[in-house]
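*Asks:* Dropping a prediction and its sequence here:
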Amino acid sequence: MTNVLAVESLSKQYGPTTAVDGISFQVARNEIVGLVGPNGAGKTTTINIILGVLEPTGGSIRIEGIDVATERSRALECTNFAAVYAPLPGNLTVYQNLRIFGMIYAVKRLSDRIERLLRDFDLERFRDVKAGVLSSGEQTRLCLAKAMLNEPHLLLLDEPTASLDPATAQDMRAKIRALADERRCGVLWTSHNMYEVEDVCDRVLLLSRGKILLEGDPKTLPRAHGKDTLEELFIAVARE
């Protein structure tokens, strides 16, 4: 299969309010897809439906060909997730968090995997520090390390670098890019940082009021619509 994620005619209603309005898209192996749009566009709702946290009103989601509605646990074995609004348990140390989540994902040679992630995400000196006392940037690095534990086929990232300084954010983007390239992983990435989207994403979906309005290469899409940058295009869509 070429696609890690296939979303078809996905919708979500909250009473009279339509949060997601019949969207369809795919994420291929080795591809990073940016899901962007103004606040309330439906980005986080879409990710929560893919994770099985929310039940869709209509449509279907397949991860590695597995229907999330009927085989959620199996589909999520090869999936992982990170977001600034979903911190790890603060009363556990960095090492304890990684070990517990590694056991949940049944990661083989878990101790070796944890040591590798502690090095990769510059967390070695915090291994015995409780997550709750880490800085926001350190907590973000821990969440990203957790998201890499099971070497996922599908990685869902909701504003993953929002609390990082520019240099650290650049390093994290490089690590995620390498994961996509080397591990045949597909990534769905939401961000309000259009520079980040242009830098790391192969394709961008511009969402507004629950619908995908535009789709294409983030480096060429703005010019196709008379704008110089992706940020200008984003602002134009948000204001309309």
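*Replies:* On my side now, so go ahead.
*Asks:* who's in contact with the helix or strand bottoming out on mean pLDDT in the chain?
*Replies:* For the chain, the helix or strand with the lowest mean confidence is helix 166-182, at a mean of 85 (criterion: mean pLDDT, DSSP states H and E). By CB atoms under 8 Å, 6 or more residues apart in numbering, the residues outside helix 166-182 that reach it are 30-32, 120-121, 137, 140-141, 144, 148, 151, 155, 157, 160-161, 164, 185-187, 189, 196, 199-200. Every residue, glycine included, has its C-beta placed from N, CA and C.
*Asks:* what's the distance between the one residue sitting closest to the centre of the chain and Gly34?
*Replies:* Closest residue to the average C-alpha location of the chain: Leu157 at 1.6 Å, with CA atoms, centre = their mean. Distance, Leu157 to Gly34, using CB to CB, to the nearest Å: 10 Å.
*Asks:* show me the residues around Gln26 that make contact.
*Replies:* Counting by CB under 8 Å, 6+ apart, Gln26 has contacts Asn3, Leu5, Ala6, Val7.
*Asks:* actually Lys43, not the one I wrote
*Replies:* Here Lys43 is in contact with Leu35, Val36, Gly37, Asp158, Thr190, Leu207 (CB under 8 Å, 6+ apart).
*Asks:* List the single closest residue to Leu98 in space, sequence neighbours excluded.
*Replies:* Ile114 (4.7 Å; CB to CB, 6 or more residues apart in numbering).
*Asks:* picking up where we left off before, need the contacts of Lys43 in JSON lines (columns: secondary structure and distance to Val53).
*Replies:* As requested, the contacts of Lys43 are arranged in JSON lines below (DSSP: H, G, I helix; E, B strand; the rest coil; distance: CB to CB, whole Å):
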{"residue": "Leu35", "secondary structure": "strand", "distance to Val53": "16"}
{"residue": "Val36", "secondary structure": "strand", "distance to Val53": "21"}
{"residue": "Gly37", "secondary structure": "coil", "distance to Val53": "19"}
{"residue": "Asp158", "secondary structure": "strand", "distance to Val53": "12"}
{"residue": "Thr190", "secondary structure": "strand", "distance to Val53": "15"}
{"residue": "Leu207", "secondary structure": "strand", "distance to Val53": "18"}
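*Asks:* Considering those residues, which is situated nearest to Leu92?
*Replies:* Closest to Leu92 out of the contacts of Lys43 is Asp158 (21.8 Å), distances taken as CB to CB.
*Asks:* Is that closest one bridged to anything, and to what?
*Replies:* Counting by DSSP bridges, Asp158 is bridged to Ala83, Thr190.
*Asks:* which residues does it contact?
*Replies:* Taking CB under 8 Å, 6+ apart as the test, what Asp158 contacts is Lys43, Thr44, Ile47, Phe81, Ala82, Ala83, Val84, Tyr85, Ala86, Thr190.
*Asks:* Report pLDDT for it.
*Replies:* Looking at Asp158, its pLDDT is 91.
*Asks:* Please tell me how far it sits from Val187.
*Replies:* Relative to Val187, and taking CB to CB, Asp158 is found at 12 Å.
*Asks:* got it, and Cys78?
*Replies:* 13 Å.
*Asks:* what sits in contact with each of these two?
*Replies:* Leu154.
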